[in-house]
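Undergrad: Provided below are the primary sequence and the corresponding predicted coordinates.
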Amino acid sequence: MNRRLLLLGLSFATIAGLAYAENWPQWRGPTRDGVSGETKLPTHWTMEKNLAWHVPLPGKGSATPAVWGNRIFVTSEDGDDIVLVCLGTADGKQIWKTRVGPGKQYFKDDEGNQASPSPCTDGKHVYAFFGTGDFVCCDMKGDIVWRFNAQERYGKFKINHGIHVSPLLHEDRLYLSLLHSNAWWVIALDKATGNEIWKIRRESDATFECKEAYVSPVLWGKGKDAYLVILGCDYCTAHRLTDGSEIWRLGDLNINPKKKYDRAFRIIATPAVSDDVIVVPSARNGPVVGVDPAAKGKFKTGSPFERWRQNGGGPGPESKTPDVPAPLIHDGLVYICRQYDRETGALVCLDAKSGKEVYYQEIHAARYRASPVYGDGKLYLVARDGRVTVVKAGPKFEKLAENKMRDQIAASPAIADGRIYLRGFRELYAISEGAK
């Protein structure tokens, strides 16, 4: 299917007689790959230039906003509670705020809280999952349609740094992966009721901290060929949408040249998908693998189902895998925003077909938690300290701008209707050319 037609089918809405451009309905956008079809996006901005508005939020959070028509949805901490908030795109004013429950808890000092998973919407309802296990569906007025707690339904969470996975919305279902030391579940839910359609136990022989993963589910393909991709606990697996049964399983991810088995190999970064290749990151300077989407059964290093493999080897340029940000694939190139120590960020560009390095460029001395997004021929890379580096997409590295926000940012950007939305720890920012 032509990508522009898919974007139109998924993303255009008419509200109150006004035609809006592309929506951003969930964490990785309208085509679930971090790629936007929007044009005329800003390159340079300050607090005085190209900033349409900025508004304070109830509290800390690192969830990417979901944007549909003239509304923005974001999860947040609010005192001792967790909330789902609806804001207007015109000026950022709050339309409603729905309390979901208590949920004040931090992980790894300032790295995250219970409002880390990103919400999703179909324009009729908004769905929000929290690190407490609370999962709610609200209507456009903020009234709760259904709710349940995943810890009560699927077992108490046992994970060192909290549950931060974002649900995946596809057609009439929500998909969720819960991979922690007390359970390994992949789950399909009816979006209308929250009722379970199926759940499967995702088997693994992982031990120690490797039993825990922080990775969100992604979707490969379209129609009857579509399947889920789930990464974590030393493996990447593909699952049929009909019943969750396993299609393929990639191994040999927990490979450390200095250790036979890395006991702290917890995977955080989510895979990236395109029509031709699925890019599977790992952790702790481990491998990055390009998988043939037509793969079947169990396979590992040397299999023809591996299009390519970039093995890790150390903390410097020899390793390509990210720590937290998901890779991004566009126009035959794979972009990976990574840090090879705690405070050194770099952008890696690989050829999607062969996996060969196109370039490796240091960009900013900071942590990177947000996943890169593409729009209008540009990559937007958001550092934890609020600096946004704008890079020209293509095989030659070209930095176009550096824009410093007055906030800490762990959320990935959202792009909708000519704007870039950045969710900071303190405020939500709407950025557009000419501040429109």
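TA: Right, received. Where do you want to start?
Undergrad: where does this structure have low pLDDT?
TA: Low-confidence regions of the chain, defined here as pLDDT under 70, cover residues 1-20, 106-109, 256-259, 313-316, 340-343.
Undergrad: hmm, 80 instead?
TA: Where the chain drops to pLDDT under 80, the residues are 1-21, 104-112, 255-259, 312-318, 340-343.
Undergrad: Just give the nearest non-adjacent residue to R307, would you?
TA: Counting by CB to CB, 6 or more residues apart in numbering, G290 is the residue found nearest to R307 once chain neighbours are left out, at 4.0 Å. (C-beta placed from N, C-alpha, C; glycine too.)
Undergrad: Contacts for the host helix or strand of that neighbour next, please.
TA: G290 belongs to strand 288-291 when elements are defined using DSSP states H and E. Contacting residues not belonging to strand 288-291 are listed as 236, 248, 250, 253, 277-282, 305-310, 320-321, 327, 334, 336, 350, 352, 355 [CB atoms under 8 Å, 6 or more residues apart in numbering].
Undergrad: mind listing what's buried in that strand?
TA: Buried positions in strand 288-291, judged by neighbour count with 16 or more other CB atoms under 10 Å: V288, V289, G290, V291.
Undergrad: That one pairs with which strands?
TA: The sheet places strand 288-291 alongside strand 278-280 (antiparallel), strand 306-310 (antiparallel), with pairing taken from DSSP bridges.
Undergrad: Which SSE is immediately downstream of the last one?
TA: To tie it back to what came earlier, the one meant is strand 306-310. Read in the C-terminal direction, the helix or strand following strand 306-310 is strand 328-330, with elements assigned using DSSP H and E.
Undergrad: Pull the residues that contact that next one.
TA: Residues external to strand 328-330 that are found in contact with it (CB under 8 Å, 6+ apart): 33-35, 272-274, 277, 279, 334-336, 352, 371-374, 379, 393.
Undergrad: Mind doing that once more with 7 Å?
TA: The set of residues that contact strand 328-330 without belonging to it, under CB atoms under 7 Å, 6 or more residues apart in numbering, is D33, G34, V35, A272, S274, V279, Y335, A352, P372, Y374, A393.
Undergrad: Which helix or strand lies directly C-terminal to it?
TA: Next helix or strand after strand 328-330 toward the C-terminus (DSSP H and E): strand 333-341.
Undergrad: Counting by contacts, list what that following strand packs against.
TA: The helices and strands touching strand 333-341, judged by 3 or more CB pairs under 7 Å, 6 or more residues apart in numbering; DSSP states H and E, are strand 344-351.
Undergrad: Please identify the buried residues of the strand it packs on?
TA: Neighbour counts over strand 344-351 (16+ other CB under 10 Å) mark T344, G345, A346, L347, V348, C349, L350 as buried.
Undergrad: can you give me the strands for the stretch 101-250 of the chain?
TA: Assigned by DSSP state E, counting those that start in this stretch, the stretch 101-250 of the chain shows strands spanning 106-107, 112-113, 120-121, 125-129, 134-139, 144-149, 168-170, 173-180, 183-190, 196-201, 218-220, 227-232, 235-240, 246-250.
Undergrad: re the thing from before, now distance to R387 too, for the buried residues of strand 288-291, in CSV please.
TA: As requested, the buried residues of strand 288-291 are exported to CSV (distance: CB to CB, whole Å):
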residue, distance to R387
V288, 25
V289, 30
G290, 30
V291, 33
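Undergrad: now, which of these sits nearest R240?
TA: For R240, the nearest member of the buried residues of strand 288-291 is V291. The distance, counting by CB to CB, is 16.5 Å.
Undergrad: Tell me the bridge partners for the closest one.
TA: With DSSP bridges applied, the residues forming beta bridges to V291 are I278, E306.
Undergrad: Renumber starting at 59 from here on
TA: Got it, the first residue is 59 from now on, which makes the last one we talked about V349.
Undergrad: Roughly how far does it sit from C294?
TA: Taken as CB to CB, to the nearest Å, the spacing of V349 relative to C294 amounts to 7 Å.
Undergrad: tell me which of the buried residues of strand 402-409 is nearest to G170?
TA: For G170, the nearest member of the buried residues of strand 402-409 is G403. The distance, counting by CB to CB, is 18.4 Å.
Undergrad: quick one: that closest one from A241, how far?
TA: Taking CB to CB as the measure, G403 and A241 are separated by 34 Å.
Undergrad: cool, and V276?
TA: Per CB to CB, V276 is found 20 Å from A241.
Undergrad: With L458 instead?
TA: From L458 across to A241, the span is 45 Å (CB to CB).
Undergrad: higher neighbour count, those two?
TA: A241 (19 against 13; other CB atoms under 10 Å).
Undergrad: residues contacting W243?
TA: If you count contacts by CB under 7 Å, 6+ apart, W243 has them with Y212, L236, K257, R259, R260.
Undergrad: What of S94?
TA: Contact criterion CB under 7 Å, 6+ apart gives E80, G87, V431, Y432, G433, I473 as the residues in contact with S94.
Undergrad: Also L277?
TA: L277 is in contact with R90, L226, H228, A284, L286, counting by CB under 7 Å, 6+ apart.
Undergrad: can you tell me which of the residues you listed lies nearest to L142?
TA: Proximity of these to L142, judged by CB to CB, is greatest for L226, which lies at 17.8 Å.
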